[in-house]
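**Student:** coords please:
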Amino acid sequence: MAFLITFVLFFAVALAISLVGMRMWVRPKEAIERVTNAGVHVPDRVPTHPSLVFHDLIKRLGTVLPTSPKDVSVMRRRLIRAGIKGDNALRILYGCKVFFGVAMPVAMGLLVANSESDSSNKILAILASAAAGFFGPNEYVKIKSQRRQKEIQRGLANGLDLLVVCVESGLGLDQAIMQVAKELEHAHREIAEEFTMVNLELKAGKRRVDALRNLAERTSVEDLKKLVAVLIQADRFGTGIAQSLRAHADYMRVQARQIAEEKAAKLGVKLIFPIFFCILPSLFVVTVGPMAFKIMRELLPMMNSI
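**Tutor:** Presented below is the predicted three-dimensional model:
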């Protein structure tokens with residue numbers, strides 16, 4: 001009997017606690033609204049990451065700098081050659097010029113404010129920092145474009161050999177360019193991107209001649225311009241593309257060998273200054289040093305005693 005009373009009492013207390021909990025804490029209405037996405041209040045302003053805020057600030061600063069259409073076309077061409085092809089790339093570049101052109105002189109002024117140097121030197125330092133901040137982004141784009149052109153130049157030989165193999169195996173030029181872009185995607189990413197861009201332009205309906213000319217204009221690599229000229233001439237005059245590519249590949253191989261021989265011939269002249277300023281002083285120390293030390297230790301005391 002005591003066991004039954006204990007069981008009933010425990011069951012009643014547990015049921016009461018469950019009902020109170022379901023009533024006060026679970027709130028099934030809110031749970032249902034959360035699951036069904038009903039009554040969800042969307043905030044008017046979504047919190048933004050600080051990096052996105054800085055990015056937006058740079059883009060807004062890019063509209064402050066007045067530019068001429070000629071300068072815009074030149075800078076856009078430089079950005080494309082550097083591999084920066086975004087819609088807001090030019091605006092971000094000008095924003096960086098404005099931001100660093102203002103921030104770097106301010107930082108330099110704070111650094112030299114408490115220094116003991118002359119006021120003229122302080123002004124020169126601030127002006128130099130302003131020039132570096134304003135023209136620094138241009139130099140960055142220039143260096144990046146030169147580096148990308150070197151990468152394209154390095155991967156062009158392998159790309160041309162693959163193009164010759166694909167064309168001689170029976171593929172058309174468009175399919176061969178697509179296959180070369182797929183094969184060189186990991187080994188030479190820059191030339192693969194350019195060939196992929198040519199493919200996309202051809203799929204969009206642009207003529208092959210225009211797509212190839214755009215390739216030469218985008219990259220501004222001399223060897224690639226020669227390859228584009230060969231392909232355009234072969235397409236215009238109806239000659240065999242495979243034969244033209246094979247002849248051009250042989251020409252480029254001979255040219256690469258001549259460039260390597262020229263660099264090897266210049267190596268002796270370039271080594272003169274490192275040898276004269278770095279190697280010869282160490283040789284003098286090793287060979288003449290012990291003898292000079294011996295003369296100073298033995299001969300000079302003898303001369304002084306006489």
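
**Student:** Check which helices and strands the helix or strand where residue 109 lies sits against.
**Tutor:** Assessed by DSSP states H and E, residue 109 sits inside helix 89-112. Packing contacts for helix 89-112, counted by 3 or more C-beta pairs under 8 Å, 6 or more residues apart in numbering; DSSP states H and E, involve helix 50-62, helix 69-81, helix 119-168. For every residue, glycine as well, the C-beta is placed using N, CA and C.

**Student:** quick one, what contacts the residue positioned nearest the centre of the chain?
**Tutor:** The chain has residue 144 as the residue nearest its centroid, 6.6 Å off, counting by C-alpha atoms, centre = their mean. The neighbours of residue 144, taking C-beta atoms under 8 Å, 6 or more residues apart in numbering as the test, are 82, 83, 84.

**Student:** just residue 84 next, same as before
**Tutor:** By C-beta under 8 Å, 6+ apart, the residues touching residue 84 are 141, 144.

**Student:** could you measure it against residue 161, distance?
**Tutor:** Distance of residue 84 to residue 161, computed by C-beta to C-beta, to the nearest Å: 29 Å.

**Student:** what do you get for residue 190?
**Tutor:** Distance from residue 190 to residue 161, by C-beta to C-beta: 17 Å.

**Student:** Looking at the two, which one has more neighbours?
**Tutor:** Comparing residue 190 with residue 161 by neighbour count (other C-beta atoms under 10 Å), the higher total belongs to residue 190, at 21 against 16.

**Student:** now the more buried one: how far from residue 255?
**Tutor:** Per C-beta to C-beta, residue 190 is found 20 Å from residue 255.

**Student:** helix or strand for residue 171, which one?
**Tutor:** For residue 171, there is no enclosing helix or strand under DSSP H and E.

**Student:** Excluding covalently adjacent residues, which one is nearest to it?
**Tutor:** Of all residues not flanking residue 171 in the chain, residue 179 sits nearest, at 6.6 Å (C-beta to C-beta, 6 or more residues apart in numbering).

**Student:** ok, that neighbour - contacts?
**Tutor:** Applying C-beta under 8 Å, 6+ apart, the residues near residue 179 are 162, 166, 171.

**Student:** again, but for residue 228
**Tutor:** Residues near residue 228 by C-beta under 8 Å, 6+ apart: 212, 213, 215, 216.

**Student:** What about those, which one has the most neighbours?
**Tutor:** Sorting the contacts of residue 228 by how many neighbours each has (other C-beta under 10 Å) puts residue 212 first, at 25 neighbours.

**Student:** ok, that residue touching residue 232?
**Tutor:** Yes - with contacts counted by C-beta atoms under 8 Å, residue 212 reaches residue 232, the gap being 5.9 Å.

**Student:** and stretch 180-200, what's its mean pLDDT?
**Tutor:** Here stretch 180-200 scores 89 as its mean pLDDT.

**Student:** ok now that stretch, how far from the chain's centre?
**Tutor:** Computed by C-alpha atoms, centre = their mean, to the nearest Å, the chain-centroid distance of stretch 180-200 equals 16 Å.

**Student:** ok, now stretch 175-184?
**Tutor:** Distance, centroid of stretch 175-184 to centroid of chain: 23 Å (C-alpha atoms, centre = their mean).

**Student:** related to what we said a few turns ago, which of the contacts of residue 179 has the weakest pLDDT?
**Tutor:** Lowest pLDDT among those: residue 171, with 86.

**Student:** which residues does residue 155 contact?
**Tutor:** Residue 155 makes contact with 184, 187, 188, 190, 191, 192, according to C-beta under 8 Å, 6+ apart.
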